[in-house]
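Visitor: here is my input, please return the structure:
(2 chains)
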Protein chains: 2
Amino acid sequence: MEIPVGVSNRHVHLKKEDLNILFGENYQLTKYKDLTQPGEFASNEFVTLEGSKGVIEHVRVLGPVRNYTQVEVSKTDSYKLGVNPKVKMSGDLDDSEVITLIGPKGKITTNGCILAARHIHITEEELKSNNLKLNYSYKIKVKNEKETILGSVFLKTGNSYLELHLDTDDANAYLLKSGDKVELIIDEE
Amino acid sequence: MEIPVGVSNRHVHLKKEDLNILFGENYQLTKYKDLTQPGEFASNEFVTLEGSKGVIEHVRVLGPVRNYTQVEVSKTDSYKLGVNPKVKMSGDLDDSEVITLIGPKGKITTNGCILAARHIHITEEELKSNNLKLNYSYKIKVKNEKETILGSVFLKTGNSYLELHLDTDDANAYLLKSGDKVELIIDEE
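Guide: Numbers count the residues shown, from 1 in each chain, chains lettered A, B, ... in the order given. Okay, here's the model as predicted:
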């Protein structure tokens, strides 16, 4: 089964309270452009990330606001920042890393920093018609000069599109760009 | 079979003529420290890399001088620089990318820029005792949260040590550091 790739650069999701601290009371995120993920958008707002060893400026905030603040970075970013985030699924913030976010109006230090686990957004229909399972670790095959089989890929439903989300370390290691196609390996059981 | 990992950060090998242009006539590289690879050393000399989109400063020159100039970068670096190097084995510079190197005394624009292909340095003895082959595409298994099987891994002999060389994109994608162990998959034929 062929799956298009979506590469996620480092980004930030904010809860309302943190948006207020970073950008000012009652601030509203403004849309830069829609993302493939329905309802989600890249905003025109940026923050600076700060860890024990360094900062990364100009990190985009994604909208809309969520009920938790989450900072998704790559392992490469984590070395530059001096933070040690774990590989986690989005929203699973137990044990996530602490990081500092600096906005134009304020600064917060919060947990919520993760390396986003590889995952595939898939529709309920495609899940059923291909006999696929949730909570199951799938493999993805990349066929190019950096031939690789990625394990620990989980499926997520609840959205109306099909896309494998990789961070920039994964994408760059396999020479993949958004829109490239990879193969979901479906075991013959 | 367990193989220790060696992570290669971006670096430069220089031929004598290019060393002279970048650092001055009859310049000799000075040793910062020995590398695992016998006879090879990290020098105290650095250059700036320049492509169409940007520069990367403080890129270490490895010694001793070679009979070709070669610039090994990661895909991540290539986006920053604005160059498009291919995945190549060290020394195979047909079709390699053009890049500019800037030293304290001069500047050159040369081919020789590559993404170094994954490869394993292995001794002749280990090659024989494990019935392994040269010119054969092996697979490496990484067992951690970023569970992955890397394909297109070739063996190189001629040195007295055992190490899988990965660039920083591969290493960071699989959460590997120098000295970590991975598994060489030996097919049962």
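Visitor: and the contacts of the helix or strand bottoming out on mean pLDDT in chain A?
Guide: Among the helical and strand segments of chain A, the one scoring lowest on mean pLDDT, DSSP states H and E is helix A:124-129, with a mean of 93. Here helix A:124-129 makes contact (Cβ atoms under 8 Å, 6 or more residues apart in numbering or on different chains) with A:132, A:133, A:134, A:155, A:157, A:162. (Glycine included, C-beta is placed from N, CA and C.)
Visitor: the second one: how many residues sit nearby?
Guide: Other residues near residue A:133 number 11, with proximity taken as other Cβ atoms under 10 Å in any protein chain shown.
Visitor: what residues does chain A have near chain B?
Guide: A:74-76, A:79, A:86-87, A:117-118, A:137, A:145-152, A:168-170, A:172-175 (Cβ under 8 Å from any Cβ of the partner chain).
Visitor: re earlier: direction included, what does the helix or strand following the least confident helix or strand of chain A pair up with?
Guide: Per DSSP states H and E, the first helix or strand lying C-terminal to helix A:124-129 is strand A:138-142. Strand A:138-142 sits in its sheet next to strand A:148-156 (antiparallel), strand A:181-185 (antiparallel), going by DSSP bridges.
Visitor: so how far is the least confident helix or strand of chain A from its chain's centroid?
Guide: Relative to its chain's centre, helix A:124-129 lies at 23 Å (Cα atoms, centre = their mean, to the nearest Å).
Visitor: okay, now the unreliable bits of chain A?
Guide: A:188-189 (pLDDT under 70).
Visitor: can you list the domains in it?
Guide: Following automatic domain parsing, one gets these domains for chain A: A:9-116, A:119-185.
Visitor: tell me which of the strands paired with strand A:138-142 lies nearest to residue B:24.
Guide: Residue B:24 lies closest to strand A:148-156 among those, at 43.2 Å (Cβ to Cβ).
Visitor: can I get the closest one as CSV, trimmed to CA atoms?
Guide: Extracted C-alpha coordinates of strand A:148-156, given in CSV (Å, rounded to 0.1, in the frame of the first residue of the first chain):
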residue,chain,number,x,y,z
THR,A,148,15.4,1.5,4.7
ILE,A,149,12.6,-0.2,6.6
LEU,A,150,11.2,1.9,9.3
GLY,A,151,9.6,0.1,12.2
SER,A,152,7.4,1.2,15.1
VAL,A,153,5.0,3.1,12.8
PHE,A,154,1.5,3.4,14.3
LEU,A,155,-1.8,4.3,12.6
LYS,A,156,-4.1,7.2,13.7
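Visitor: show me what counts as buried in it.
Guide: By neighbour count on 16 or more other Cβ atoms under 10 Å in any protein chain shown, the buried set for strand A:148-156 is A:148, A:149, A:150, A:151, A:152, A:153, A:155.
Visitor: what about the residue nearest to the first one when sequence neighbours are not counted, how many neighbours?
Guide: When you say that, I think you mean residue A:148. Distance criterion Cβ to Cβ, 6 or more residues apart in numbering or on different chains; nearest residue to residue A:148, sequence neighbours excluded, is residue A:142 at 4.6 Å. Counted with other Cβ under 10 Å, the neighbours of residue A:142 add up to 23.
Visitor: also residue A:100?
Guide: When neighbours are counted by other Cβ under 10 Å, residue A:100 comes out with 19.
Visitor: now for it: which residues touch it?
Guide: Neighbouring residues of residue A:100 by Cβ under 8 Å, 6+ apart: A:49, A:50, A:51, A:107, A:108, A:109.
Visitor: which ones among the residues you listed map onto strands?
Guide: If you go by DSSP state E, the contacts of residue A:100 have A:49, A:50, A:107, A:108, A:109 in strands.
Visitor: most neighbours, which of the residues you listed?
Guide: Using other Cβ under 10 Å as the neighbour criterion, residue A:49 leads the ones in strands among the contacts of residue A:100 with 23 neighbours.
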